[in-house]
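K.L.:
Model the following, please.
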Amino acid sequence: MKIREIIDAGKCTGCGGCVVVCPIDAVTVKERAVIGDECTECDVCSMTCPVIDGFPENEFDNVLRACAGRSDMQGQDGAAVSGILRSLLAEGYIDCAIGVGRDDMWRATPILITDAQDVAKTSGTKYTHAPVLSLVKDAMEKYERIAITGVPCQVHSARLLNEKKIVAIIGLFCMSSFTHGLCEFVSGLGVDIRDVHKMDFDKGKFVAYADKEHRVPIKDIKGHARPSCKHCRDFSAYHADISVGSVGSPEGWSTMLIRTKEGEKLLDLVELECGDADMDAVKRLSDMKRKT
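P.N.:
Next comes the predicted model:
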């Protein structure tokens, strides 16, 4: 398959990997990739497409170990990801980290940080889409050691880039990401989106935290899921060095799946409190995603 077929079929994840490898900058990406008329059909972009590469049969056959983790930072589920990035920047192991920030209207955008003190700008789950890898090309021109944090499709493409400057890939558990229509839905609940400080899923409900908790059944927001997510069969970010998510850990902790030798090395470098994680809970949610 070629990437144009993926785009036309509505399966493009908008990860941004194609932007990194296009030799003539013919690709832009927002919700999905857009290929300009100047494209020469070299098809290099297809080699970084996670949809074309396919999904693992066994999502957990590369897990070396699993544990729960939390940092001393403020953030969602123990701020484990923020703690990892802060430590790696503070230790000089990485020069920059690429993740996702948001504005006060909950519009998600990819951001690049170089200072450990700025890690908080990427903390918390946004649930809406941002083309994380679209910043990699510029980052590679300026920095030698790059960390990437993203959802399964984004870390899959990051792995396919096979770029030596990418020295840490942190994946996020993901059932689905959403269009900005999710934020409009929240506003329709009578909530000023600017007052929302956290969104989450809890016991079959979608929760927006503002002046109080606003809970609705998950089925009520399914219409705002991005179309490409309906084809995805990777819940736990198979291609990451370390995958992180809330399921399988106590409240205030994150589950961490260490998948590579590099991931083991990264975990040894960072300052996190570690505990036990329930892999069965992670596998149950993965099975649910594959079935739906």
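K.L.:
going forward, measure contacts and count neighbours with C-alpha atoms only.
P.N.:
Will do.
K.L.:
hang on, isn't residue 214 packed against residue 208?
P.N.:
Yes. Residue 214 is within contact range of residue 208, at 5.1 Å (criterion: Cα atoms under 8 Å).
K.L.:
Look at those two and report which has more neighbours.
P.N.:
Here residue 214 and residue 208 are compared on neighbour count by other Cα atoms under 10 Å; more neighbours surround residue 208, at 23 against 17.
K.L.:
Show the backbone phi and psi for the more buried one.
P.N.:
In this entry, residue 208 is assigned phi and psi values of phi -110, psi 120 (degrees, to the nearest 10).
K.L.:
On the strand side of things, show who it bridges to.
P.N.:
With DSSP bridges applied, the residues forming beta bridges to residue 208 are residue 199, residue 214.
K.L.:
Check the spacing between it and residue 194 real quick.
P.N.:
If you measure residue 208 against residue 194 using Cα to Cα, to the nearest Å, the figure is 11 Å.
K.L.:
Now for residue 163, how many residues are close by?
P.N.:
Here the neighbour count serves as a burial measure; for residue 163 (other Cα under 10 Å) it reads 11.
K.L.:
got a list of what it touches?
P.N.:
Contact criterion Cα atoms under 8 Å, 6 or more residues apart in numbering gives no residues in contact with residue 163.
K.L.:
That one should be in a helix, yeah?
P.N.:
No. Under the criterion used here (DSSP: H, G, I helix; E, B strand; the rest coil), residue 163 is coil, not part of a helix.
K.L.:
which other residues reach the helix or strand of the chain with the lowest mean pLDDT?
P.N.:
Among the helices and strands of the chain, strand 198-202 carries the lowest confidence by mean pLDDT, DSSP states H and E, at a mean of 90. With contacts defined as Cα under 8 Å, 6+ apart, strand 198-202 is touched by 124-127, 206-210, 218.
K.L.:
just stretch 270-287 next, same as before
P.N.:
Residues from elsewhere that reach stretch 270-287, judged by Cα under 8 Å, 6+ apart: 66-72, 80, 83-84, 87-88, 234-236, 247-249, 255-256.
K.L.:
are any of the contacts of strand 198-202 buried, and which?
P.N.:
Buried subset of the contacts of strand 198-202 (neighbour count, 16 or more other Cα atoms under 10 Å): 124-127, 206-210.
K.L.:
Need the max-distance pair from those.
P.N.:
127 and 210 (16.1 Å; Cα to Cα).
K.L.:
just the strands in the stretch 151-292 of the chain please.
P.N.:
166-172, 198-202, 205-209, 213-217, 242-245, 254-258, 273-275 (DSSP state E, counting those that start in this stretch).
K.L.:
Pull out the buried residues from the last one.
P.N.:
Applying a neighbour-count criterion of 16+ other Cα under 10 Å, the buried positions in strand 273-275 are 274-275.
K.L.:
do stretch 83-94 as well
P.N.:
Of the residues in stretch 83-94, those buried (16+ other Cα under 10 Å) are 83-90, 93-94.
K.L.:
so how far is it off the chain centroid?
P.N.:
The gap between the average C-alpha position of stretch 83-94 and the chain average comes to 18 Å, counting by Cα atoms, centre = their mean, to the nearest Å.
K.L.:
Can you give the domain ranges for this structure?
P.N.:
Under the assignment automatic domain parsing, the domains of the chain span 3-53, 65-179+225-291, 181-216.
K.L.:
where in the stretch 101-250 of the chain is pLDDT low?
P.N.:
For the stretch 101-250 of the chain, no stretch is flagged by pLDDT under 70.
K.L.:
any chance you could map the helices in it?
P.N.:
In chain order, the stretch 101-250 of the chain shows helices spanning 136-142, 152-161, 181-188, with DSSP state H, counting those that start in this stretch as the criterion.
K.L.:
Quick one: mean pLDDT over the helix ranked longest in the chain.
P.N.:
For the chain, the helix that runs over the most residues, judged by DSSP state H, is helix 279-291. Here helix 279-291 scores 95 as its mean pLDDT.
K.L.:
could you check the angle strand 254-258 makes with that helix?
P.N.:
80 degrees (axes from the mean of the first three to the mean of the last three Cα atoms, to 10 degrees).
K.L.:
can you pull the contacts of residue 126?
P.N.:
100-102, 106, 108, 199.
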